[in-house]
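S.K.: Dropping the sequence and predicted coords here.
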Number of protein chains: 2
Amino acid sequence: MSVHAWIQAAPGVWKFAAGSPPEAAPLSVIGRRPLLEALEEMGNAAFPLEESRIRIHAGPKRSTAVFPLAEDERIYGFGLQFMKVNQRGRTRYLRVNSDPKQDTGETHAPVPFYVSSRGYGVLVNSSRIVTVCCGSVVRMDSGMEDRARDRNSDRGWKATPVSDTVEWVVPGEGIEIYVFSGPAVMDVVRRYNLFSGGGVLPPRWGLGFWHRVPKSFSAEETLAEALEFRKHEVPCDVIGLEPGWHSKSYPVTYEWNRRLFPDPAQFAARMEEAGFKVNLWEHPYVSPDAEIYRELKPLSGSHTVWHGLAPDYTLPEAREIYMTQHLKEHVSIGISGYKLDECDGSELTRNSWMFPAHAEFPSGLDGEQMRQIYGLLFQKMADDMYRLRNRRTYGLVRASNANASSLPSVLYSDLYDHRQFVRALCNASFSGLLWTPEVRKAKDAEEWVRRIQVVCFSPLAMINAWADGTKPWSFPEVEPIVRKYIRLRMRLMPYFYTAFARYKFEGVPPVRAMQLESNLRKKDSGGDELNSTELAYGRAVDLELDDQFMVGDSLLVAPLFAGESLREVYLPDGVWYGLETGERYEGGGRIRVEADLDIIPVFVRDGAILPLMPALAHAPRAGEQVPLELVHFGTAPGAYRLYDDDGETFAYENGEYEWRTAEVRIAGEGALEGTIQDSRDGFHATYGPITWKIGVTALPAEGRK
Amino acid sequence: MSVHAWIQAAPGVWKFAAGSPPEAAPLSVIGRRPLLEALEEMGNAAFPLEESRIRIHAGPKRSTAVFPLAEDERIYGFGLQFMKVNQRGRTRYLRVNSDPKQDTGETHAPVPFYVSSRGYGVLVNSSRIVTVCCGSVVRMDSGMEDRARDRNSDRGWKATPVSDTVEWVVPGEGIEIYVFSGPAVMDVVRRYNLFSGGGVLPPRWGLGFWHRVPKSFSAEETLAEALEFRKHEVPCDVIGLEPGWHSKSYPVTYEWNRRLFPDPAQFAARMEEAGFKVNLWEHPYVSPDAEIYRELKPLSGSHTVWHGLAPDYTLPEAREIYMTQHLKEHVSIGISGYKLDECDGSELTRNSWMFPAHAEFPSGLDGEQMRQIYGLLFQKMADDMYRLRNRRTYGLVRASNANASSLPSVLYSDLYDHRQFVRALCNASFSGLLWTPEVRKAKDAEEWVRRIQVVCFSPLAMINAWADGTKPWSFPEVEPIVRKYIRLRMRLMPYFYTAFARYKFEGVPPVRAMQLESNLRKKDSGGDELNSTELAYGRAVDLELDDQFMVGDSLLVAPLFAGESLREVYLPDGVWYGLETGERYEGGGRIRVEADLDIIPVFVRDGAILPLMPALAHAPRAGEQVPLELVHFGTAPGAYRLYDDDGETFAYENGEYEWRTAEVRIAGEGALEGTIQDSRDGFHATYGPITWKIGVTALPAEGRK
């Protein structure tokens, strides 16, 4: 393959295509334009690899792409992975699967994209199951036969020998492949997100607290449970309804159960009045009892799921039917979004239920392809519907794929242990995905608190208690702790909202893996320091740093898991403070931290400025104004850019937003002084009045009570 | 598809082919002719299905075949399955895999063949990964939408709805499919085995006891350990050497380690003299240090395994190199056969090591195909080599596929719990496979005994203690029990040998699932009795009968697992006796049986005749004669056909064998009298003198001590 075969697709992004182009792949399904301006601002980096060492072959049955892999290289990404951070040494079989019990690469959102620790990324745009041998196989032409060892006599023998290639395998006749430049790992991820249209900017209320009611709750029961949050002074923005709101479910009708919800519009209005958005559970399979069944039947796949249709939503006419029904029955009365269940599928193990890979769809796609992109199709329809109404949505989905950064959905599932949930939170950030660690039933108050603490620092803070009815006050002995963190989530809303704005405009993931931090990377490329002590990065990498993560630029979250009160935390270079304890730490290595149940260890950088608002019952509505406190930590000067817009519409896409720089500088006499840019004329700022707190070491307690 | 598209391939066997014919599929790899005479003897049954209800489609990417499935139909087979007997309701992904942790259909020997409880079988001849949706998906054109239920309100809702089809999916452009007639389940399996060339008839010594020595044993250590068996009066026929006999292993050289084995020919001769056959461990991957490496390199795949070659043994020139080397270095000095490890492969999980599916081989096959048939290719080479010398071999292999009935190998692996081992013993019998439940280290004496008891009733009775050095006398407190069962295995050699002869000539599996017994089937199709009581077959089928099995026609083995002393056993119609206890049972239902550690519950039919020989140190050699006792059980008359041949060569394929009918009839006065046909003139009979024991209820104890 010659050098000029790589075409620049955007600044710092290169494309190679061979054979027949992929049908209905993620990029075309989502159809989002790259944020070219932002990519240009990042600069036009050079092609990050030696082109002659990339070998691409488009065959009749499958295409392959062989990339070089250095001995010290680590590989991150591939979507929502639960078992490891560094994927090197494994073959990743990127099939959408709701029940990935083994570490095969299968998951709800298997993204054919990886980021190398050497500062480049590779994406394959395909609706098929892509396999990636991530340094897990050795080619004969690698000429490594001198590395053969005798297992009987040589202790250095390894089951999986070190390999010098990453090999992509794409079924079908063509391959479309993209390379993203660095030089930093974060640069690669930012380019990926910007190329995907930038990250999603949720409505402000989406960053409040969410709660789901049991599956057969009526309108009255739902409203009553919602109001309990107000009584308990626990903020709540969104109430989710579960299957029982459908007249029939599994398969679903998308029509209201009139026994439980005699007047859906009135229900939605009463909820809105009380400050709650309503989110609706659904899944893709259309009941024979649904009004749209007959119309959708000829537009559906050859196989049913629970005797419901699996519609072919690559067809505009099928999308039209779904969207018309949803707009009329839900969106128009104020429903805020959806939780899309079971679009991932399980087929090889017990209780299988998905349409098979060989199912045929009217568009010509087969079941393999439809399953890989089904989650994307629904996310896109939700986004399209709400854009029609100039209202942002934010919801949940159980399957996703590549280039989904801009789609307004957070992945969820309940199958994992708490450490896996946290590891997935880290891994999701490499591939433009958001993930909420599930909180439902807990075996005791300790586990309950530990799960709540983590979810309050995630992209979507929700209790998903449709099956067991757990509420924030279900364990009365720890209710104050739970309340504190849900209120902290609300106080941090300006901080979260700004972090998501950076996701949108700059491609920086709001919640992210430590491996994306540049002051880690620096050490890695250094000389003597590497591996020189237990606290150096060498060990940090070995341990994979899969149990701590960054929220925005200033907060580092290091959860404790049930049963623990002590853990190690890796702190990047610089000085850090315990967010609640005020304890001072020197970064650049590992520290040990102890915390009782009422504290989740969170660390804030010296010089950080956190924008805090009061712990309101729910997010401010467009046009409302809330007081803001800018809290500066420690002794170093610092700066922070605060984002603001109406929080609900797409006006920000037409420039209706602003960034205001807040700065803490050394004034005369060496004292620190904080200033913030004025809001621009005519812009309706959400925050006001703005006050400062300078040089604190711990988060100020709430003023209440 | 029109009716006449099915062509009769043999009596009771039909073939359908569409698209381009499969490359290097199991039938052509093995190249064995069907045993037409035996198939003709079974009669020319009609096509067992309504042909118009079978829909076959050969597409460009994949071919599909849709078969009807009745509501009460059960599906057995698909090779070495560990999790269930009835495969209905599951999608089976028939990939060769060494580490099948989930119930996906993947296994060491995934055979694209199933037998229906309705008395027909379906086989796909393919070297690709075939997927079978066994009543696990529902087609839109099934018109079953009236079965949709509401999960919220209907307790009858099921995650996997009942389906009316079995759907085969074969990757690639063509499909070759066979249908086998019944009417009984056993008839289907017999036709499958006879179509595959008949079952394997091992050398007599293959049915003796086997032991493997630790991996770095020298010639002297091996001989010394072998002679321990004689001292302990534990019969032993075969000693297996593990990786250390190679000059290098992982990858292997196939050359002797001259430090441990300075004179391999002398070692083999001394072993032979002491009455031991030697079996050699090997795997497919050729070390750069092997003499044949350079010759094989251009005939090998694009990817290495442990830096060793993966040769393309579909090429005659590659087979020639392998066979020439093996014949010269091993076979010619008396080595009896091989244990072929790691021809199955692991690639998606930890410690992966297989060449990938996209590997390219000089013949044009890819890695997916090569992996599916790799085990078959080696089994075939072993068979070919020993046929050249007119010596039968019997060995072990870790991967197999369809139509392997005639190949002289038994599957093995160590990854399973004891119940899974036993379940696989049952399942293997549906698909022409043999399996040995692994015995190595045990956590205590009880487990040790329970495992030894089962393996002594399996197709290959072996301790595989290469890693831990366990021996039959390792738990001295139970040595007498272990000795008793290994000696019983030897006493039953004429019975086992005859059972294998029926496998060879009639296709009847020697060790088999209860579902193959006709007197079970009778009840199933019956009227009132079905489900009429807890003990009826209705329940038996539900419980799957996956923990008891038949050995030959007369013995029913119902193992106890460690921790148990009591179990339920399903006994088919008729009267049965506890083989060692003499207790009498009425069959046709479930009984409870209790047994101490010194007994494995085995049941013998009323009227059965068991041929017993003395518990010799090892199997008789060709030309030797051993006394035989014909033991008749109970009060019913009975008949038995005893098989005999030289036990070592292929002379039996030219008619050098005989069947002698032994009969127990009611003589005058109502007494029972036993007679056996004379051996034919000029035939060298193995058994003599022959004595009778009539009307016993329990196995006579050994005469010794």
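M.R.: Arrived safely, thanks for sending.
S.K.: If you tally nearby residues, what's the number for A:Glu586?
M.R.: Close neighbours of A:Glu586, defined as other C-beta atoms under 10 Å in any protein chain shown, add up to 11. C-beta: built from backbone N, CA, C; applies to glycine.
S.K.: Who does it form a beta bridge with?
M.R.: Per DSSP bridges, the residues bridged to A:Glu586 are A:Val575.
S.K.: Close to chain B: what parts of the stretch 1-150 of chain A are there?
M.R.: Applying C-beta under 8 Å from any C-beta of the partner chain, we find that the stretch 1-150 of chain A lies next to chain B at A:61-62, A:64, A:89-91, A:93, A:101-105, A:131, A:133, A:136-142, A:144-150.
S.K.: now the residue of the stretch 451-600 of chain A found nearest chain B, nearest residue through space, not along the chain?
M.R.: Per C-beta to the nearest C-beta, A:Trp466 is where the stretch 451-600 of chain A lies closest to chain B, at 11.1 Å. For A:Trp466, ignoring the flanking residues on the chain, the nearest one in space by C-beta to C-beta, 6 or more residues apart in numbering or on different chains is A:Glu242 at 3.8 Å.
S.K.: Check A:Glu624 too.
M.R.: Excluding the flanking residues, the one nearest A:Glu624 by C-beta to C-beta, 6+ apart is A:Thr686, at 7.2 Å.
S.K.: Confirm A:Leu628 sits in a strand?
M.R.: Yes: under DSSP: H, G, I helix; E, B strand; the rest coil, A:Leu628 sits within a strand.
S.K.: hang on, it packs against A:Met613?
M.R.: Yes: assessed by C-beta atoms under 8 Å, A:Leu628 is found in contact with A:Met613 at 5.6 Å.
S.K.: Now the common contact residues for those two.
M.R.: The contact sets of A:Leu628 and A:Met613 overlap at A:Pro494, A:Tyr687 (C-beta atoms under 8 Å, 6 or more residues apart in numbering or on different chains).
S.K.: between these two, who's got more neighbours?
M.R.: Taking other C-beta under 10 Å, A:Leu628 and A:Met613 do not tie; A:Leu628 has more neighbours (23 against 20).
S.K.: is the nearest residue to that one once chain neighbours are set aside in a bridge, and if so with what?
M.R.: Leaving aside its chain neighbours, A:Leu628 sits nearest to A:Tyr687 (3.8 Å; criterion: C-beta to C-beta, 6+ apart). Beta-bridge partners for A:Tyr687, by DSSP bridges, are A:Val626.
S.K.: From A:Thr498, how far off is the residue nearest to A:Pro509 when sequence neighbours are not counted?
M.R.: Residue nearest to A:Pro509 in three dimensions, not counting chain neighbours: A:Ser429, with 4.0 Å by C-beta to C-beta, 6+ apart. Distance of A:Ser429 to A:Thr498, given as C-beta to C-beta, to the nearest Å: 17 Å.
S.K.: just A:Ile335 next, same as before
M.R.: Distance, A:Ile335 to A:Thr498, by C-beta to C-beta: 27 Å.
S.K.: Quick one: the strands in the stretch 151-300 of chain A, in order.
M.R.: For the stretch 151-300 of chain A, applying DSSP state E, counting those that start in this stretch gives strands covering A:165-171, A:175-181, A:209-212, A:238-241, A:277-282.
S.K.: Output those strands in JSON lines; the columns should cover mean neighbour count and distance to B:Arg259.
M.R.: Below are the strands of the stretch 151-300 of chain A laid out as JSON lines (neighbours: other C-beta atoms under 10 Å in any protein chain shown; distance: least, C-beta to C-beta, whole Å):
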{"stretch": "strand A:165-171", "mean neighbour count": "23", "distance to B:Arg259": "36"}
{"stretch": "strand A:175-181", "mean neighbour count": "24", "distance to B:Arg259": "51"}
{"stretch": "strand A:209-212", "mean neighbour count": "26", "distance to B:Arg259": "69"}
{"stretch": "strand A:238-241", "mean neighbour count": "26", "distance to B:Arg259": "70"}
{"stretch": "strand A:277-282", "mean neighbour count": "23", "distance to B:Arg259": "69"}
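S.K.: So for B:Val455, which of those strands sits nearest?
M.R.: When those are compared by C-beta to C-beta, strand A:165-171 sits nearest B:Val455, at 40.5 Å.
S.K.: Using the three-state scheme, assign A:Glu653.
M.R.: Of the three states, A:Glu653 takes helix under three-state DSSP.
S.K.: neighbours around it, how many?
M.R.: A count of nearby residues for A:Glu653, using other C-beta under 10 Å, gives 14.
S.K.: A:Ser406 versus that one, what's the distance?
M.R.: According to C-beta to C-beta, A:Glu653 stands 11 Å off from A:Ser406.
S.K.: Spatially nearest residue to A:Phe261 (excluding sequence neighbours)?
M.R.: What sits nearest to A:Phe261 in space, not counting adjacent residues and going by C-beta to C-beta, 6+ apart, is A:Ala219, at 4.9 Å.
S.K.: hmm, I was thinking of A:Val331
M.R.: A:Met385 (5.6 Å).
S.K.: Test my guess that the residue nearest to A:Glu624 contacts A:Glu648.
M.R.: No: judged on C-beta under 8 Å, A:Thr686 makes no contact with A:Glu648 at a distance of 10.8 Å.
S.K.: From the centroid of chain A, which residue is nearest?
M.R.: In chain A, the centroid-proximal residue (C-alpha atoms, centre = their mean) is A:Leu434; its distance is 1.0 Å.
S.K.: you'd agree it is up against A:Arg512?
M.R.: No: with contact defined as C-beta under 8 Å, A:Leu434 does not reach A:Arg512; the gap is 10.7 Å.
S.K.: Now A:Met381: phi and psi?
M.R.: The phi and psi torsions at A:Met381 (degrees, to the nearest 10) take the values phi -60, psi -40.
S.K.: my read: it touches A:Met323, true?
M.R.: Yes: when contacts are counted by C-beta under 8 Å, A:Met381 is listed as touching A:Met323 (5.8 Å).
S.K.: picking that back up, OK, contacts around the residue nearest to A:Glu624?
M.R.: A:Thr686 makes contacts with A:Arg204, A:Pro494, A:Pro620, A:Glu624, A:Gln625, A:Val626, A:Asp644, A:Gly647, as judged by C-beta under 8 Å, 6+ apart.
S.K.: so which strand or helix has the third one?
M.R.: For A:Pro620, there is no helix or strand it lies in under DSSP states H and E.
S.K.: So for it, what's the pLDDT?
M.R.: For A:Pro620, the model assigns a pLDDT of 98.
S.K.: ok, it - contacts?
M.R.: Counting by C-beta under 8 Å, 6+ apart, A:Pro620 touches A:Arg204, A:Met613, A:Val626, A:Gly647, A:Thr686.
S.K.: what's it sitting at in phi/psi?
M.R.: Backbone torsions for A:Pro620, taken as degrees, to the nearest 10, come to phi -60, psi 140.
S.K.: I'd like the distance between it and B:Val132.
M.R.: As judged by C-beta to C-beta, A:Pro620 and B:Val132 stand 57 Å apart.
S.K.: Over to the second one?
M.R.: Computed with C-beta to C-beta, the distance linking A:Pro494 and B:Val132 is 56 Å.
S.K.: neighbour count winner among those two?
M.R.: Neighbour comparison, A:Pro494 and B:Val132: the larger count goes to B:Val132, with 29 against 24 (by other C-beta under 10 Å).
S.K.: Need the nearest residue in space to that one, chain neighbours excluded.
M.R.: Nearest residue to B:Val132 in three dimensions, chain neighbours excluded: B:Arg92, at 4.5 Å (C-beta to C-beta, 6+ apart).
S.K.: elements contacting whichever strand or helix holds the one you found?
M.R.: When elements are assigned from DSSP H and E, B:Arg92 belongs to strand B:90-94. Strand B:90-94 is packed against strand B:130-134, with contacts defined by 3 or more C-beta pairs under 8 Å, 6 or more residues apart in numbering or on different chains; DSSP states H and E.
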